[in-house]
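> model the following, please.
(chains A, B, C and D)
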2 protein chains.
Amino acid sequence: MAEQRYLAALDRVLELVVLLNKDMTESLAKEGLTPSRTTLLWLLRSSGPSTQRALADGLGVSARTVTGLVDGLEATGFVTRQPHPTDRRALLVSFTEHGAAVVADMERQQAGFADLLFGGMSEDRFECLSAGLDEIVDRLRAVGLTTTPGEETS
Amino acid sequence: MAEQRYLAALDRVLELVVLLNKDMTESLAKEGLTPSRTTLLWLLRSSGPSTQRALADGLGVSARTVTGLVDGLEATGFVTRQPHPTDRRALLVSFTEHGAAVVADMERQQAGFADLLFGGMSEDRFECLSAGLDEIVDRLRAVGLTTTPGEETS
DNA sequence: GCACATAGTGAATGTGCATCACGATCACTG
DNA sequence: CAGTGATCGTGATGCACATTCACTATGTGC
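So this is what the prediction gives:
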């Protein structure tokens, strides 16, 4: 059923996965960040100041884990914990100036990376590649895979 | 410099990375395997019985890490350690019958997965997608990223 | 005002990975 | 045939992550 070229293409995709993971992880480490902490930072950027509970849900991870991640990020000066204005149980996690600067820089790096991957690619090639990626992602979603772990399907 | 659509495409790729990681990890877990242990199994399949040193180099991890991975795989009956025929320092890691069967099954699953991703895709679409992926991987390699961590470039 | 849910954390576990120190070998060289 | 140095695997440790369980301090609904 599965053809040879499909397997070859899958190999390519898998290799891409490995390569990307490696690159991101390494460049992150140079800023004194670990993958998980960075993911949290990234989420914080798109969510704005959040409670740890919200971060835990957004990351698809337990509350306890977030406590640890924020501990680290706080100790290294990326974020701060502040009392929640209305809920005295909760804490609001926000960027420090340094944290915000680093995240902004990461965004710039990401743009550069996108340029490295696709820059100067022929119009046709890019268009088709992009559409192909869309289709693959769609197919995965159709089978029940989601980026946000969230709820049970069973 | 980096255009909007490039960023969008990168997002798609990153999402694909996350999705793939998730799917593989989960289906692996059901067999009682972790990602690292599975990677070792996979390498072992293409290398044949190997010393732990060889596995460590192939995986790009420390020798100590392989000790731990093999410990786990041995305890759960996937592989066995046997004395090396000529080098009394070394140990040869080989599949048990069960281990070999599981890996063979994973290969079948992989084929099915490839079919899920690409099966029934229009000829043009697939051709172009495949070529695009090739180009991206090539570009990454050109910048110094390699699947086999191996040697220092600096 | 009381019962129950919720936010965050301490303690204990488990996995993956690394480095350092070591014992056992191998391999080469004088 | 030493003697030296590299190599194989592993014990001891330590760090990053992630989990579950137990517990405190708070919210909330009736």
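
> around residue A:47, how many other residues sit close by?
By other Cβ atoms under 10 Å in any protein chain shown, 12 other residues sit near residue A:47. Placement of C-beta: from N, CA and C, glycine included.

> now whatever residue of chain A ends up closest to DNA strand D. Nearest residue, chain neighbours left out?
Per Cβ to the nearest atom of the strand, residue A:34 is where chain A lies closest to DNA strand D, at 2.0 Å. Leaving aside its sequence neighbours, residue A:34 sits nearest to residue A:28 (Cβ to Cβ, 6 or more residues apart in numbering or on different chains; 7.1 Å).

> low pLDDT regions in chain A?
Within chain A, the ranges that satisfy pLDDT under 70 run A:1-2, A:144-154.

> residue nearest the centroid of it?
Taking Cα atoms, centre = their mean, the centroid of chain A lies closest to residue A:39, which sits 4.8 Å from it.

> look up how far residue A:67 lies from it.
Taking Cβ to Cβ, to the nearest Å as the measure, residue A:39 and residue A:67 are separated by 15 Å.

> residues of stretch A:74-81 that come out buried?
Within stretch A:74-81, the residues that count as buried by 16 or more other Cβ atoms under 10 Å in any protein chain shown are A:78, A:79, A:80.

> leaving out chain neighbours, which residue sits closest to the first one?
When you say that, I think you mean residue A:78. Closest to residue A:78 by Cβ to Cβ, 6+ apart is residue A:99, at 3.7 Å.

> need the contact list for the one you found.
Residue A:99 sits next to A:41, A:73, A:77, A:78, A:79 when contact means Cβ atoms under 8 Å, 6 or more residues apart in numbering or on different chains.

> show me what from chain A comes close to DNA strand D.
Within chain A, the positions near DNA strand D by Cβ under 7 Å from any atom of the strand are A:34-37, A:59-62, A:64-65, A:68-69, A:72, A:86-89.

> let's see it at 10 Å
Residues of chain A lying close to DNA strand D (Cβ under 10 Å from any atom of the strand) are A:25, A:28-29, A:32-40, A:56, A:59-69, A:71-73, A:75-76, A:83-90, A:149.

> now, of these, which are buried?
A:28, A:33, A:36-40, A:56, A:59, A:61, A:65-66, A:69, A:72-73.

> from those residues, list the ones also adjacent to DNA strand C.
A:56, A:65, A:66, A:69.

> I figured the first one was touching residue A:65, is that so?
Yes: A contact is recorded between residue A:56 and residue A:65 when judged using Cβ atoms under 8 Å, the distance being 7.0 Å.

> follow-up on the earlier one: now the ones next to DNA strand C among the buried ones among the residues of chain A next to DNA strand D in CSV, with distance to residue A:112?
What follows is these, written out as CSV (distance: Cβ to Cβ, whole Å):
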residue, distance to residue A:112
A:56, 31
A:65, 31
A:66, 30
A:69, 26
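
> between those residues, which sits nearest residue B:132?
Nearest to residue B:132, judged by Cβ to Cβ, of these is residue A:69 at 35.4 Å.

> isn't there a helix covering that closest one?
Yes: under DSSP: H, G, I helix; E, B strand; the rest coil, residue A:69 falls within a helix.

> from residue B:42, how far off is it?
31 Å.

> max-length helix in chain A?
helix A:4-29 (DSSP state H).
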